[in-house]
Each structure stands twice: as structure tokens, then as C-alpha cells.
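> Generate a structure from the sequence data that follows.
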Amino acid sequence: MTNARHTGSRAMGPILVLLISTPGFAQTGYFGIPDGFDYPADKATLENFRNTENLSALRKHSWMLFAGMTQTTADGTPFWETWYRASEAFRPAGPTPQGPRRIVREFSTPVQLQQTGLEPHAPGASTMSFVLFNQETYDHIRTNGLYQKSKLQNINASFPVATPWDKRKVPDFPARAMSIKTIWWPAAGDRATPLPIWDNDPANPASQGNPWNTWKRVVAVDMMRQQVPAGETMTISFGGISRPGSRVIGRDRYADL
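Here you go, the predicted model:
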């Protein structure tokens, strides 16, 4: 999305299950990641973790960031949902809007899925997404005019013609800049919805890719029930393939996927 320092490092992050019934949009201020959550981490330290393949340290850092982002406001709003939407960061030039910001989920179909022929936002068959930027990323975009096509064109034109594309860049974002892309899996309210689960057990070599229809485990999300008896299973179809013995979960068990 940007060259912000704390964007996700894995190709596939958590999938959020979208409840068909959502609370009304709230008005709130902005809340960034508070102190005490390893943010921002020292760049040299993180690069050493990466170079030495210190997975436990990298996972700890990631979970610390996640814990900081998911702290909640007095009304229960996660901090990350108070960040700036793409439509705010890339709005045309003009005065900064005044007054409280509204928490609005501006869903769209991920770009990589727009040419697949899937029915947009279909429960059990497609995803929705939206991007959010923290204060430091938002300020950098606005201050440097990166929301303007003409500015980006001028930056690109400032490089010698023979400069490779991967050597051209916008001004570096500050260390505290962070952006997130959320992915939501719509769940039907009147029937079980298949939800693929990634268990880090790829069906194909990494070079061939592992889209979600190749994932080996599927659960059946039953939005009609708050709780489902432990061990309940069913046969559910996903991607045109019957998946017998799929675990059934209710609305209370998303955290246990």
C-alpha cells in the first residue's frame, strides 16, 4: 500500500468474519497505538530478527502491535477503527474537515479479485476490504501532496528516464507510519457459510500460490446460533468441493478458528 514501516509482512493475514448486522457508526477522535506495545520498534533490531530468522521474536513483535491496535475507546471502539480512511487521506486539496470523525467502513472488492468473475461480497465466496492509515501516514500523505496525481507524476518525472521502476520512490515515510488493509469474509444470516482456514500447510509450492480454495480446512459458520455444541460437524460445499466433517461454529467462537 505504502512504504510505511509497519505494514504486514505475510501474504495472507487474519480474515475477519463480517456480521450481517453491525452496530451504528460512531463518532470519535483518533487513537494511535499507545506506549508499551513495542511501537515503533528499533529498525536494526527488527532487521536482525529477520536476517537471523528469529520467528519467535518477530511473532512477539507482531502480537504486541496487534494488542496495541486493538485497545478500545470508552465506547468499545478498537483504536485501529479510528484511523483515517483512504477517502480521507486521498481527498482533494482543501480545508481539513472539522468536527468529530465518524467510524465508517468503506468496503470495496480487493483489486486482486476484481477480475476473477466472483460475485462481489457473496457470503462464502468472496471478500471485502478497506484500508486505514494512522496519523503519521495520513500527515505524510497530506503534507507531501501524495494524494494528488499531478504530484506523483512530477515525482516520477524527476528521475532520469533510464531509472528502473523499483528505484523510483515517493518521500520516505517516518518510522511511526503504519497502514493496515483489513479483509472481511461475509457470512450469511440464514444458512451456514464456509470459511477457509489457513493452517500453514500449503497444498502447492509457494511458487504456484495457495489461493483460499486450496486451503485444506474449512469451518461452517452458523450465524443463526450464538453457540454450537462442541464437536458438531457437517458437510459443506466450498469452491464446488464437498467438505465432509467440517467443524460448525457459532457467533461466539470466531477467536478459536
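> Could you list the low-pLDDT ranges of the stretch 151-257 of the chain?
Across the stretch 151-257 of the chain, the ranges flagged by pLDDT under 70 are 254-257.
> 90 - rerun?
By pLDDT under 90, the weakly predicted segments of the stretch 151-257 of the chain are 182-189, 200, 203, 206-214, 239-240, 251-257.
> all strands for it, in order.
179-186, 193-197, 217-221, 233-238, 241-249 (DSSP state E, counting those that start in this stretch).
> Now do the buried residues in the first one.
Right, strand 179-186. Residues 179-180, 182, 184-186 are the ones in strand 179-186 that count as buried (16 or more other C-beta atoms under 10 Å). Yep, even glycine has a C-beta here, placed from its N, CA and C like the rest.
> who touches Met69 in this structure?
33, 78-80, 180 (C-beta atoms under 8 Å, 6 or more residues apart in numbering).
> Work out for me the element Arg50 sits within.
helix 43-51 (DSSP states H and E).
> Tell me which helix or strand comes right after that helix.
helix 55-69.
> Now list the buried members of the contacts of Met69.
33, 79-80, 180.
> I figured Tyr147 was touching Arg91, is that so?
Yes. Between Tyr147 and Arg91 a contact is recorded at 6.9 Å, counting by C-beta atoms under 8 Å.
> Neighbours of Ala187, how many?
21 (other C-beta atoms under 10 Å).
> can you offset everything so residue one is 37?
OK, 37 is where the count begins now, so the last one is Ala223.
> mind checking how far it is from Val257?
5 Å (C-beta to C-beta, to the nearest Å).
> which residues in the stretch 137-286 of the chain form helices?
171-179, 185-193 (DSSP state H, counting those that start in this stretch).
> Including secondary structure and distance to Phe85, could the contacts of Met105 go into a markdown table?
Shown next, in a markdown table, are these (DSSP: H, G, I helix; E, B strand; the rest coil; distance: C-beta to C-beta, whole Å):
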| residue | secondary structure | distance to Phe85 |
| --- | --- | --- |
| Ile69 | coil | 19 |
| Pro114 | strand | 26 |
| Phe115 | helix | 25 |
| Trp116 | helix | 23 |
| Ile216 | strand | 21 |
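> OK, contacts around the spatially closest residue to Gly275 that is not a sequence neighbour?
Among residues not flanking Gly275 along the chain, Asn249 sits closest, at 3.8 Å (C-beta to C-beta, 6 or more residues apart in numbering). Neighbouring residues of Asn249 by C-beta under 8 Å, 6+ apart: 232, 274-275, 277.
> For Lys217, see how far away Asn249 is.
21 Å.
> What distance do you get for the residue nearest to Gln107 when sequence neighbours are not counted to Phe67?
Take Gln107 and drop its neighbours on the chain: the residue closest to it by C-beta to C-beta, 6+ apart is Phe115, 5.0 Å away. From Phe115 across to Phe67, the span is 4 Å (C-beta to C-beta).
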